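**Student:** Sequence below, structure please.
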Amino acid sequence: MNAPRLLLLASSLTLLGIAPARTAAAVLSSEDTCLLRWARRSTTPATKCLTCHDGSAARPIDHLSNGSHPVGVSYDAASVRVPLLRPRAALPAQVVLVDGEVACTSCHDWRSQTPHRVALSVGELCTACHGQ
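**Tutor:** Model prediction:
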């Protein structure tokens, strides 16, 4: 990788608040280069994921128009509108909310080896919240 791209990647890591000890070279040495690989799932809002997944640096994800799950939604408010949602206290530990809201990291875990890096298998993931 050339020096300007490495510098840009290092700058992006800093902007995203990723630990300085995790260097751009460490990211580039792996097959996947998600800049949020060291971020805490419980504190990473969807806006951070969409920094790259808007199509500028990674596969674009249009979470509102392509039929995938909405993000940035209060789980408690949604549970009032959707009575089949499990109570927040009943959610498995693998399903995390960011400040009480559904986020990309509620369902996706960078460390997961499952397809699409979901935190649970697809069947388990859906019923984790929608299982009452």
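**Student:** all contacts plus neighbour counts: C-alpha atoms, from now on.
**Tutor:** Will do.
**Student:** how about the helices in this structure?
**Tutor:** Ranges of helices in the chain, per DSSP state H, are 3-15, 24-28, 46-49, 75-81, 104-107, 122-130.
**Student:** hey, least reliable of these by pLDDT?
**Tutor:** Per-stretch mean pLDDT for the helices of the chain is lowest at helix 24-28 (a mean of 41).
**Student:** what's near enough to touch Q94?
**Tutor:** Q94 is in contact with 106-107, 119-120, counting by Cα atoms under 8 Å, 6 or more residues apart in numbering.
**Student:** hang on, isn't W110 packed against A39?
**Tutor:** No - look at W110 against A39 with Cα atoms under 8 Å: they stay out of range, at 9.1 Å.
**Student:** higher neighbour count, those two?
**Tutor:** Using other Cα atoms under 10 Å, the more surrounded residue of W110 and A39 is W110, with 19 against 15.
**Student:** Against A57, how distant is that one?
**Tutor:** Distance from W110 to A57, counting by Cα to Cα, to the nearest Å: 16 Å.
**Student:** S74 now?
**Tutor:** On the measure of Cα to Cα, S74 and A57 end up 28 Å apart.
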